[in-house]
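Visitor: Build me a model:
(one chain, ligands or ions: 2)
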Amino acid sequence: MVSVIDYNYSRENPSRKISVVIPVYNESTNILKVIERLDKVFMRLNYHHEYIFVDDGSVDTTADVLKSMHELNGNIHYIELSKNFGHQNALKAGMDMASGDCIISMDGDLQHPPELLPLFISKWEEGHEIVYSRRRASEGNSAYKKFTSNLFYNLLNKVSEVKLEQGTADFRLIDRKVADILLQFNEIEPFLRGIVKWVGFSQYAIDYDAEQRFSDKSKYSLKKMFRLAMQGITSFSIRPLYTAVFIGFSISFLSLLYFPYVIYSLMAGKAIAGWASIITTIVFFGGLQITLMGVIGIYVGKIFLQTKLRPNYIIRNTSLDKRYDLAKF
Ligand code: UDP
Ligand code: MG
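Guide: Ligands and ions are numbered 1, 2, ... in the order given. Got it, this is the predicted structure:
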């Protein structure tokens, strides 16, 4: 458990409001516990606050739990999306609708300990517009998750212009100034942790140990994780396209070295080398071509989706004032 030693109560400004945004997808077994832990934290803090749960098209009882919690406590709000739009879009929906002077985003499974919030807030009161977190390599994650996450950050940082530190997830605080800027972002498949890094401002990092998921299992399937990784890589860089050209060039150059051998074989009247080597080469280059076409395809797909200007999310129902259009572009 995290202690709050660093928290500086003297800086509290009770007239300011804090919004906590929590995207949830089939998390009905976790919501009450999240609220309980958040309440404990806010009881000791002197701030107006609201919790905004974004129901990302859950098919369990998440929507009902949220509605009854809202009836019990007017500070607890929900935004129900019309279907599953994915974690990043759900998060954007919550951040777009939040009205706080700062917005804290966290997961709805208690892997992001709410006890860290006072530290986030005190760093914000010190003047940092973005306070983000870095997950220490910890028990809280399986070896599989650690491996995929390492692979993701290494790859992303190799190919992308925006450098992300290992373990930065969507557990962070952003000031109203930053939130207003993010409101203007209308790119499809937003990769928020990259965008937040990219916007600049004074950013402060907090290291923490992730906890185990409180209940249920991860909502990020391998497919969703792969998609997020591809989004992260392709929304911040066109370097993979250059890499593709580089690989193509290198191979063409290497193949030139084959010529003298072919000519020598002809002169010497030797039989051309066997079937196995030819088929291996064909398969290798076939795979490579398809992969590289896929890379180009991802970018073309992005252009295609972006030109349609579809909204990032559609709100079916919400307990918040409809300050913005129901479908946000
Ligand atoms: N989530 C979501 N939509 C999705 C997948 C996940 O809103 O399509 C939410 C999920 O309920 C959780 C957060 O995003 O609050 C992080 O997901 P999860 O804990 O499953 O991911 P992991 O921690 O395994 O990366
Ligand atoms: Mg989780």
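Visitor: pLDDT weak spots in this structure?
Guide: Along the chain, the parts satisfying pLDDT under 70 run over 1-11, 138-141, 271-273, 276, 322-329.
Visitor: right, and the helix or strand after the helix ranked longest in it?
Guide: Taking DSSP state H as the criterion, the chain has its longest helix at helix 275-308. Next along the chain after helix 275-308, taking DSSP states H and E as the criterion, comes strand 313-318.
Visitor: pull the CA atoms of that following strand into PDB?
Guide: Output of strand 313-318 as PDB, limited to C-alpha atoms (Å, rounded to 0.1, in the frame of the first residue of the first chain):
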ATOM      1  CA  TYR A 313     -17.500   7.500 -29.200                       C
ATOM      2  CA  ILE A 314     -21.300   7.700 -29.000                       C
ATOM      3  CA  ILE A 315     -23.000   8.300 -25.700                       C
ATOM      4  CA  ARG A 316     -26.200   6.400 -25.000                       C
ATOM      5  CA  ASN A 317     -26.900   7.800 -21.600                       C
ATOM      6  CA  THR A 318     -25.200   9.900 -19.000                       C
END
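Visitor: which of the residues in it are buried?
Guide: Within strand 313-318, the residues that count as buried by 16 or more other Cβ atoms under 10 Å are Tyr313, Ile314, Ile315, Thr318. (Glycine included, C-beta is placed from N, CA and C.)
Visitor: Please tell me how far Ile303 sits from ligand 2.
Guide: Using Cβ to the ion, to the nearest Å, Ile303 is found at 32 Å from ligand 2.
Visitor: quick one: contacts for that residue?
Guide: If you count contacts by Cβ atoms under 8 Å, 6 or more residues apart in numbering, Ile303 has none.
Visitor: now do Val54
Guide: Per Cβ under 8 Å, 6+ apart, neighbours of Val54: Val21, Ile22, Pro23, Val24, Tyr78, Ile79, Leu81, Ala90, Leu91, Ala93, Gly94.
Visitor: Let me see the residues that make contact with whichever strand or helix holds Leu156.
Guide: Following DSSP H and E, one finds Leu156 within helix 143-159. Residues outside helix 143-159 that contact it (Cβ under 8 Å, 6+ apart): 137, 141, 163-167, 218, 225, 229, 232-233, 236-237, 239-240, 243.
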